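>>> Pasted the sequence and its predicted model underneath.
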Amino acid sequence: MNCTLKSRPYRVFGYGGKQVRDNIHSHDLVNAFAAFIQAPRAGEVYNIGGSRHCNCSMLEAIDLCEQISGRKLNWNYEEANRIGDHIWWISDVQKFKDHYPNWEFEYGLRKIVEEIHSAVAKT
């Protein structure tokens, strides 16, 4: 979003721009921490991220940034992927949700990107 609003060039590395990442808003992450603090489970390990609730590819993220900002992103594609980069990563939060059933995501992808847009537009 920063590059979209400030007309800066952006590079996408490898995988045709179809690499997928999940996204979690800090509000949802802090609420997960709060749920754990209220009822800790010593020694448990959890994956926390946006999971299937909130994920997108690079191409989808670019499209969403352009939709929300009303501006085109000046981006280019480089065939070589970054060393160590994954083509797909979606966190499995089911164990955490099973242990803390009252915790829920409050932010979806569009809401997250809209909030980023608002924050960047002020700078």
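Perfect, thanks for sending it. Bear in mind the structure is a predicted one, so any value in this text is a computation, not a measurement.

>>> centroid residue for the chain?
Most central in the chain under C-alpha atoms, centre = their mean is residue 23, positioned 2.1 Å from the mean C-alpha point.

>>> any idea how far the residue of the chain most remote from its centre lies from residue 33?
Relative to the centre of the chain, the most outlying C-alpha is that of residue 42, 27.9 Å out, by C-alpha atoms, centre = their mean. Distance, residue 42 to residue 33, by C-beta to C-beta, to the nearest Å: 15 Å. (Glycine included, C-beta is placed from N, CA and C.)

>>> With residue 8 instead?
Distance of residue 8 to residue 33, computed by C-beta to C-beta: 33 Å.

>>> Pick out the least confidently modelled helix or strand of this protein, by mean pLDDT.
strand 88-89 (a mean of 90; mean pLDDT, DSSP states H and E).

>>> hmm, back to that, next up, the contacts around the residue nearest to the centre of the chain.
Residue 23 makes contacts with 49-50, 54-56, 109, 112, as judged by C-beta atoms under 8 Å, 6 or more residues apart in numbering.

>>> how does it look with 7 Å?
Going by C-beta atoms under 7 Å, 6 or more residues apart in numbering, residue 23 touches 50, 54-55, 109, 112.

>>> How about it, nearest residue that isn't a chain neighbour?
Of all residues not flanking residue 23 in the chain, residue 50 sits nearest, at 4.3 Å (C-beta to C-beta, 6 or more residues apart in numbering).

>>> same check, this time on residue 44
residue 99 (7.0 Å).
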